[in-house]
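[1] Need a 3D model of the sequence below.
(one chain, ligands or ions: 1)
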Amino acid sequence: QKPCDIYAAWNTPCVAAHSTVRSLYANYSGPLYQLKRASDGAVRNIGVLADGYANAATQDAFCAGTTCVITKIYDQSPKHNDLTISLGGRYKGTGSDGSDLGAVADALPITAGGHQVYGVSISPGMGYRNNRTSGVAVRGKPEGMYMVSSGTHFNSGCCFDYGNAETSGMDTGAGHMDAVNVTKDLSWVDCRNAPGLGVQADLENGLFHWNKRSCHPATNVIGAPPFLSAWLKNNGQTSFVLKWADARSGKLNTIYAGVLPAGYAPMHQEGAIILGIGGDNSHASAGSFFEGAMTAGFPTDSADNAVQSSIVAVGYGARTGLSGVLTPGAEISLRATTACCTGDYVRNQNGAAMITPITSNSAEQDKGDATWIIRHGLADNACVSFESRNNPGAFLQLQNSVLRVQPFDGTTQSRSDATFCTQVGKNGRGSSFNLVNDPKKYIRHYYGKVYAANDGGGKNSWDTTAHWIDDVSFIVGPPWA
Ligand code: AHR
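    You can find the predicted model right below:
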């Protein structure tokens, strides 16, 4: 059973069901989302394959040679509460007429159900909204919601929300929002030193992970899986519940179950739906969205558990079965061939690209950091891009001559900085990779760091011709994770 079939069976039917990845009902065969392409302004709906996953090949064909943004995420529920690019609110966006920007359609390639599909990658300035909904809880009615998001792509800007918000786009006060939020929470002074992200309830004028305007020492930070599910239920009168889980395995963890904060009971929801922004159209947040649903009524824990099982069954980020080849969807490792370093692999190290030794005894984190997913070249389909296994949506890309592993922001510059064309290894072993827009610059390791180094020498120390042919040649091998 799919999430909204489960909620329906438990008498808390979905009143919103959004996903660019899959259908959330077993019998939904309508469109999942709509694209608009830059070249001619044409729009196209993306539907589902027979097994309910997005037909992303349609997107690839429609957007070939140009760029597309996601203009609409269809509501699969009978309420038709579709999300479109937010028109702005108290805070205006940078789009025309103060609207926000749409997410770049190919910024977040992932594997789900064995298919390559796309998530919604929100950077600051982007957001979606529907101010005229049907069936969504208002004025103290109970509701529940969840979203599948990312534990590695986030920031601390307001507000990476999915859920219920003001119909005016203005902050109308405590309890006028009821949205699940994934962020590094800087709201409360004693949260500011917390190392990671949390799941909160955005109830307006406050992100709450319990019922106080402060950090709960035990629950303000959760784990950081690449795919996480975040859950909020609110009975609208007295209490709310927050949970989270790894979206790829395991059970739900309760963060908080108890009374609403003072001043928030009863709730005053207004029934708009937001994604990636705050109730007043604050749009400083970053995050990833893969699927989410909202219910009428307070879902049972049994229903939540069954929905979590359905999410795990998707196999978010699971292997495609392609391994060690430069084919989109394949997972690989890149091993250095220079005599110094033949046990070293190109890896992500907190956003920097490095080479370090990796063995079968290495920590799982290190193995994941040394594993790359091959994607269609973001700037040229004939070339490739390298997505971090541990950080979906983050790509190996050039930044000031140094290669780093950073979220793809959809800009033309970022596309070419993350696209490499493959050729036979310059020393006769493995492969070498040159930048698509600067063919004399090759991926090179030099004193442990990874650069785009010039062929034939250059002004930077890492352009030196000594060891150049070895330093730019890498063995493409099986993934470590
Ligand atoms: O509650 C946090 C945020 O505060 C809301 O999302 C926004 O409307 C307000 O700025």
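[2] Near the closest residue to the ligand within the stretch 201-350 of the chain, how many other residues are there?
    With CB to the nearest ligand atom as the measure, G278 is the residue of the stretch 201-350 of the chain nearest to the ligand, at 2.7 Å. Glycine gets a C-beta too; all of them are placed from N, C-alpha and C. With neighbours defined by other CB atoms under 10 Å, the count for G278 comes to 29.
[3] what does the one 5 residues further on give?
    Burial of H283 is recorded as 26 neighbouring residues (other CB under 10 Å).
[4] Next, work out how far apart it and H153 are.
    16 Å (CB to CB, to the nearest Å).
[5] How about Y162?
    With CB to CB as the criterion, Y162 and H153 are 15 Å apart.
[6] Kindly report the same for S401.
    On the measure of CB to CB, S401 and H153 end up 25 Å apart.
[7] who has more neighbours, Y162 and H153?
    Y162 (32 against 23).
[8] How about that one: what's its closest non-neighbour residue?
    M147 (4.3 Å; CB to CB, 6 or more residues apart in numbering).
[9] wait, the residue of the stretch 201-350 of the chain closest to the ligand sits on D161?
    Yes: with contact defined as CB atoms under 8 Å, G278 reaches D161; the gap is 6.2 Å.
[10] Common neighbours of the two, please.
    Counting by CB atoms under 8 Å, 6 or more residues apart in numbering, the common neighbours of G278 and D161 are D202, S285.
[11] Tell me what the residue of the stretch 301-450 of the chain found nearest the ligand is bridged to.
    Taking CB to the nearest ligand atom, the ligand has its nearest neighbour within the stretch 301-450 of the chain at P407, 22.0 Å off. With beta bridges defined as DSSP bridges, P407 has these partners: A394.
[12] Next to the ligand, which bits of the protein? Give me the list.
    158-159, 171, 177, 202, 204-207, 278-280, 282 (CB under 6 Å from any ligand atom).
[13] residues contacting I273?
    A16, N81, L83, R129, N130, T133, V136, Y162, G163, N164, A165, M294.
[14] Once you drop chain neighbours, what's closest to the fourth one?
    Going back to what we said before, that points to R129. Closest to R129 by CB to CB, 6+ apart is S86, at 3.8 Å.
[15] Over to the fifth one?
    Using CB to CB, 6+ apart and skipping the chain neighbours, the partner closest in space to N130 is I273 (4.8 Å).
[16] For the one you found, report the pLDDT, please.
    I273 carries a pLDDT value of 98.
[17] Give me the buried positions along stretch 406-416.
    Using 16 or more other CB atoms under 10 Å as the test for burial, stretch 406-416 gives Q406, P407, F408, D409, G410, S414, R415, S416.
[18] Export the residues you listed as a markdown table, with columns for distance to K459.
    Below are these laid out as a markdown table (distance: CB to CB, whole Å):
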| residue | distance to K459 |
| --- | --- |
| Q406 | 24 |
| P407 | 29 |
| F408 | 28 |
| D409 | 28 |
| G410 | 31 |
| S414 | 24 |
| R415 | 26 |
| S416 | 21 |
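[19] host element of S121?
    Counting by DSSP states H and E, the element that carries S121 is strand 120-122.
[20] Which neighbouring elements make contact with the very next helix or strand once past that strand?
    Per DSSP H and E, strand 120-122 leads on to strand 128-130 as the next helix or strand towards the C-terminus. Strand 128-130 sits against strand 83-85, strand 272-275, with contacts defined as 3 or more CB pairs under 8 Å, 6 or more residues apart in numbering; DSSP states H and E.
[21] Now do strand 128-130: everything it contacts.
    Strand 128-130 is touched from outside by 73, 75, 81-87, 100, 102, 120, 165, 169, 272-277, 281, with contacts defined as CB under 8 Å, 6+ apart.
[22] Also stretch 374-381?
    Stretch 374-381 has contacts (CB under 8 Å, 6+ apart) with 60, 64, 106, 109, 322, 325-332, 383-387, 395, 408, 412, 414-416, 418-421, 436-437.
[23] Of those residues, grab the buried ones for PyMOL.
    Here is the PyMOL selection string for the buried members of the contacts of stretch 374-381, based on 16+ other CB under 10 Å:
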select buried, resi 60+106+109+322+326+328+329+330+331+332+383+384+385+386+387+395+408+414+415+416+418+419+420+421+436+437
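[24] Just the ones of the contacts of stretch 374-381 in helices?
    Cross-referencing the contacts of stretch 374-381 against helices under DSSP state H gives D60, T412, S414, R415, S416.
[25] Now render those as CSV, adding pLDDT.
    Shown next, in CSV, are the ones in helices among the contacts of stretch 374-381 (pLDDT from 0 to 100):
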residue, pLDDT
D60, 93
T412, 89
S414, 91
R415, 93
S416, 95
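[26] Are we agreed that Y146 is in a strand?
    Yes: Y146: assigned to a strand according to DSSP: H, G, I helix; E, B strand; the rest coil.
[27] Report the beta-bridge partner residues of it.
    Bridge pairing for Y146 - DSSP bridges - gives W231, A293.
[28] quick one, phi/psi of the nearest residue to S282 once chain neighbours are set aside?
    Residue nearest to S282 in three dimensions, not counting chain neighbours: C158, with 4.1 Å by CB to CB, 6+ apart. C158 adopts backbone torsions of phi -80, psi 130, taken as degrees, to the nearest 10.
[29] what's the helix or strand for the spatially most central residue of the chain?
    Ranked by distance to the mean C-alpha position of the chain (CA atoms, centre = their mean), the top residue is S288 at 2.4 Å. Here S288 sits within strand 287-289, counting by DSSP H and E.
[30] Looking at that strand now, give me its mean pLDDT.
    Across strand 287-289, the per-residue pLDDT values average to 96.
[31] Show residues contacting it.
    For strand 287-289, the external contacting residues (CB under 8 Å, 6+ apart) are 18, 20, 108, 119-122, 147-150, 153-155, 160, 162, 182-183, 275-276, 392-393.
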